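1. structure, please.
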Amino acid sequence: VSSSPAFQSSYPNLPPSLFAHLLNKCDCAMAESGEFKVVSYNMLGHHSWYWDDSWSATLQDFPWTERLQAFEHELSALDADVICCQEVTQDMFTSLNARLASLGYIGLHALRHLPEWAFDESWESNQLGIAVFARHSKFEMVEVSHRFARDFLQEAERQCTDVHQISERLLARADSVMVCQLRHKRQGSTPEDCIIACAHAVWWYTDNPQQPISCKPVQIMLMLRAIDDFADSRGLDTGRVVLCGDFNTLPCSGGSTSKYDDTAGYELLTKGFLAKEHPEHPAQHGWALNALEAPFHVRSAYAVAMGKEPSFTSKTSSFTATMDYIFVGDVFEVADVLPLPEECAPCPNEDHPSDH
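-> Numbering: from 1, shown residues only. Below is the predicted model of the structure:
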């Protein structure tokens, strides 16, 4: 969609446009228009727990001070209005928030820490979390809710026959979604509210009973329930949702390293439905759930704008795949996306401070 003033004045009733970007430079949207830019970024937790031993890159090769400087430079160049981040530890957020505050952002951070877990300060500082940064000149933070996916599993679903205790694995997970009601401030116009959500889903991709792939689509369905519940309780339209994150699900077959295509989560997100015959549906793994139905579905900004997903959003010395997405509700039109590279050296590297 053109962002020129002449185009906008000719078509004043067009829905608000959205610029969706991942991990590179972009132009600033016009403050007078209904456009805004969003970045989604899995930052790779800065602790040895999160760096794979098979990688050619090691934590010692990339001190946090150097990574922080690279992140600041990259995010400053992107000049986004909203930044959604995954794999952000408490220490990472503290230093990153200070840098971004000087650029006009308000930051929010939530750790993956279930309420029943005992507090341990040394462990807590290295635990992963999710973060959202919003440019204050563009958005007012109206309300924020941090929601664990497991809390939206219904009692009837818990009571279904579950041969391999998949539900127990799900209920023990602290994967979550941060849901933000933002008020979009536009010069000369009445402010409008939208929902920005940031999520990080479980990575499991095999039929290992301890880490079952069939847990993932259920968890993603629960994250959508969490967003829908937030929207419904506040009289908001899920068509005005922008959902960012690392969903650890692939857009098509051929990229998985297991015998499963690992596409169930993407199918549920974009179609709102997963048949119980799907190989990754929990019914195929002993948990007798019906077809999974999400309360709403979303569109991938890249698939809308480019007709396909990027070739990859994560590349290491042992793995390459598309698993990070910016999804949008049907009220938004995608004005543009930033093309991602077709090839690059394994990450992290001196040009890219994360493996995403």
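2. so what strands line up beside whatever helix or strand Tyr325 lives in?
-> If you go by DSSP states H and E, Tyr325 is part of strand 324-328. Paired neighbours of strand 324-328 in the sheet (DSSP bridges): strand 241-246 (antiparallel), strand 299-300 (antiparallel).
3. I'd like these laid out as CSV, including distance to Ala77, mean neighbour count and mean pLDDT.
-> C-betas here are computed from N, CA, C, even on glycine. Compiled in CSV, those are given as follows (distance: least, C-beta to C-beta, whole Å; neighbours: other C-beta atoms under 10 Å; pLDDT from 0 to 100):
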stretch, distance to Ala77, mean neighbour count, mean pLDDT
strand 241-246, 19, 26, 98
strand 299-300, 24, 21, 98
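4. where does the chain dip in pLDDT?
-> Residues of the chain meeting the criterion pLDDT under 70: 1-33.
5. centroid residue for it?
-> Central residue of the chain (C-alpha atoms, centre = their mean): Gly245, 1.0 Å from the mean position.
6. excluding its backbone neighbours, what's nearest that residue?
-> Ala199 (3.9 Å; C-beta to C-beta, 6 or more residues apart in numbering).
7. got it, and Arg183?
-> Spatially, and ignoring its direct neighbours in sequence, Arg183 is nearest to Glu140 (4.1 Å; C-beta to C-beta, 6+ apart).
8. returning to what we had before: can you list the buried residues in the host helix or strand of the residue nearest to Gly245?
-> Using DSSP H and E, Ala199 maps to strand 192-200. Applying a neighbour-count criterion of 16 or more other C-beta atoms under 10 Å, one finds Asp193, Cys194, Ile195, Ile196, Ala197, Cys198, Ala199, His200 buried in strand 192-200.
9. redo those residues as JSON lines? Include distance to Asp120.
-> Listed next are those as JSON lines, based on distance: C-beta to C-beta, whole Å:
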{"residue": "Asp193", "distance to Asp120": "38"}
{"residue": "Cys194", "distance to Asp120": "37"}
{"residue": "Ile195", "distance to Asp120": "33"}
{"residue": "Ile196", "distance to Asp120": "31"}
{"residue": "Ala197", "distance to Asp120": "28"}
{"residue": "Cys198", "distance to Asp120": "25"}
{"residue": "Ala199", "distance to Asp120": "25"}
{"residue": "His200", "distance to Asp120": "21"}
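10. the residue nearest to the centre of the chain: what's it in contact with?
-> Ser40, Cys84, Gln86, Ile130, Val177, Ala197, Cys198, Ala199, His200, Ala201, Asp324, Tyr325 (C-beta atoms under 8 Å, 6 or more residues apart in numbering).
11. the fifth one sits in which helix or strand?
-> With secondary structure defined by DSSP H and E, Val177 is part of strand 176-184.
12. specify the angle between that strand and strand 192-200 in degrees.
-> Taking axes from the mean of the first three to the mean of the last three C-alpha atoms, to 10 degrees, one finds strand 176-184 and strand 192-200 inclined to each other by 160 degrees.
13. quick one, strands of the stretch 51-200 of the chain?
-> In the stretch 51-200 of the chain, the strands defined using DSSP state E, counting those that start in this stretch lie at 82-86, 105-111, 129-135, 139-148, 176-184, 192-200.
14. out of those, which one sits most buried?
-> Of all the strands of the stretch 51-200 of the chain, strand 82-86 carries the top mean neighbour count, a mean of 26, counting by mean count of other C-beta atoms under 10 Å.
15. helices or strands up against the strand holding Val177?
-> strand 105-111, strand 129-135, strand 139-148, strand 192-200, helix 215-233 (3 or more C-beta pairs under 8 Å, 6 or more residues apart in numbering; DSSP states H and E).
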